[in-house]
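J.: Quick one: sequence and predicted model below, then my questions.
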Amino acid sequence: MLSLEEFITPLPVEELVGAFWSDRLYARPDGPRPAALLDAAPELASAEEVLRGYDQPVRVSRKGGPYGSAPTGADAVQAYRAGFTCVLLNMERSFPGLKDLIADAAGLFGLPPSALSCESFCSSASSGLAMHSDFDVNFALLLHGRKKWRLAPNRSIVNQTSLCFAGGSVQPDPKQVKYAHAPFPDQMPADCVDVDVEPGGFLFIPRGWWHETYSTGDCLQLNLTIKGPHWAGVYSRALESVLLEDAEWRKYAYGIASAGAPREKAIDELAVLLDRLRRDQGLADPRELAAKMLDLVDVDKVESGSQRKASRLSQTGPQNSVV
């Protein structure tokens, strides 16, 4: 069984959690490649083997375009040979041996396995990804090739919920601009960190860090990612479960898309329900209420709309940037 300890070796899990989790960058330029990884997924011996064994859609891109997709990894081999970066999501669906890694990490961080996934980046010749900031937490292990990373915290937004691109790009999720307290930079910040990684090199990239990459040779990277859930999703799911026990909350919301009197009636009706909710919850002890909410949530089904959107964007990509 492949564990998180083996995946990040020789860095102990206790040191990762104690010293770097969850907002400090950790970078190791090289190191041993865990033998248990090839036992879990022998196809990770090379990028082409990974592509031929991957039976899901693949996102292909070059730094300045063009961008596209292929139905399966086998269909993306020619793009890979031509210098495109191939992005493979949900690797565990095609290589079930990686599910042990996900289960072990999920247990360590107290998350449902559905909140974690494995991703792979395959490229040849000179390639890479343009500047972007991810909403997920990344454990990135380079298996083959060489890669230069440029990284810096995204100081424009706290706890982003979707991908963010450099300031001049069209954002895949415009709400991120609303959440931001400062404009996104047009290029990597002057104080960014440069890291040159060779086979066996490992990075822990906290949520919300700008990065761009430059890859050389036949490059294969495997990432373990954490994609939520965030507290808003947990609470809203639990709250819905509570509210649906009341027949009044199960009524259809007539009038919410109207103007004039029908909309005023809808506002009045919702105001009555909110007042009842305020009274009912106002009497509850916060910890008692929190425990009740968590008991009601099926954590495997908690996923925010922005996470679903980000997942779709990772497959299709925006027209003017690289995912």
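T.: Looks like it came in fine.
J.: Enumerate the strands of the stretch 151-300 of the chain by residue range, in sequence order.
T.: 164-165, 193-197, 202-205, 209-226 (DSSP state E, counting those that start in this stretch).
J.: of those, which approaches residue 250 most closely?
T.: Among those, the nearest to residue 250 by CB to CB is strand 209-226 (34.3 Å). In short, each C-beta sits where N, CA and C put it, glycine included.
J.: If we go by neighbour counts, what in that closest one is buried?
T.: Using 16 or more other CB atoms under 10 Å as the test for burial, strand 209-226 gives 209-213, 215, 217-226.
J.: next one: stretch 246-259
T.: Within stretch 246-259, the residues scored as buried using 16+ other CB under 10 Å are 249, 255.
J.: Dump the C-alpha coordinates for it into CSV.
T.: Provided in CSV are the C-alpha atoms of stretch 246-259 (Å, rounded to 0.1, in the frame of the first residue of the first chain):
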residue,chain,number,x,y,z
ASP,A,246,-39.7,21.8,7.8
ALA,A,247,-42.5,21.7,5.3
GLU,A,248,-42.5,25.5,5.0
TRP,A,249,-38.9,25.5,3.7
ARG,A,250,-39.8,22.8,1.2
LYS,A,251,-42.3,25.1,-0.6
TYR,A,252,-41.4,26.3,-4.1
ALA,A,253,-39.9,29.8,-4.2
TYR,A,254,-42.5,31.5,-6.4
GLY,A,255,-41.9,35.1,-7.2
ILE,A,256,-38.1,35.2,-6.8
ALA,A,257,-37.6,35.9,-10.5
SER,A,258,-40.4,38.5,-10.7
ALA,A,259,-40.7,42.2,-10.2
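J.: Show me the contact partners of it.
T.: 243-244, 262-263, 265-266, 269-270, 273, 276 (CB atoms under 8 Å, 6 or more residues apart in numbering).
J.: quick one, what contacts the residue nearest the centre of the chain?
T.: Taking CA atoms, centre = their mean as the criterion, residue 136 is the residue nearest the geometric centre of the chain, at 3.5 Å. Residues in contact with residue 136 (CB under 8 Å, 6+ apart) are 207, 225-228.
J.: Just the endpoints, please. Distance across stretch 100-117?
T.: By CA to CA, to the nearest Å, the extent of stretch 100-117 from end to end equals 11 Å.
J.: Can you mark which positions in that stretch are buried?
T.: Buried, per 16+ other CB under 10 Å, within stretch 100-117: 100-106, 111, 113-117.
J.: mean confidence score for stretch 211-221?
T.: In this model, stretch 211-221 has a mean pLDDT of 96.
J.: gap between that stretch and the chain center?
T.: 19 Å (CA atoms, centre = their mean, to the nearest Å).
J.: Now do it: everything it contacts.
T.: Residues outside stretch 211-221 that contact it (CB under 8 Å, 6+ apart): 44, 46-47, 50, 85, 120-134, 140-152, 188, 205.
J.: and if we set it to 7 Å?
T.: Stretch 211-221 is contacted by residues 46-47, 50, 120-124, 126-131, 140-151, 188, 205 when judged by CB atoms under 7 Å, 6 or more residues apart in numbering.
J.: about what we covered before: rebuild the contacts of residue 136 as TSV, extending it with pLDDT and distance to residue 180.
T.: As requested, these are arranged in TSV below (pLDDT from 0 to 100; distance: CB to CB, whole Å):
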residue	pLDDT	distance to residue 180
207	96	15
225	98	22
226	97	22
227	95	20
228	88	19
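J.: Name the nearest of the residues you listed relative to residue 22.
T.: residue 207 (7.1 Å).
J.: Please, where are all the strands along the stretch 1-150 of the chain?
T.: Counting by DSSP E, counting those that start in this stretch, the stretch 1-150 of the chain has these strands, from start to end: 26-28, 58-61, 67-70, 85-88, 116-123, 126-127, 132-133, 137-153.
J.: out of those strands, nearest to residue 197?
T.: Counting by CB to CB, residue 197 lies closest to strand 137-153 out of the strands of the stretch 1-150 of the chain; the figure is 4.9 Å.
J.: the inter-axis angle of the closest one versus strand 209-226?
T.: Counting by axes from the mean of the first three to the mean of the last three CA atoms, to 10 degrees, strand 137-153 points 170 degrees away from the direction of strand 209-226.
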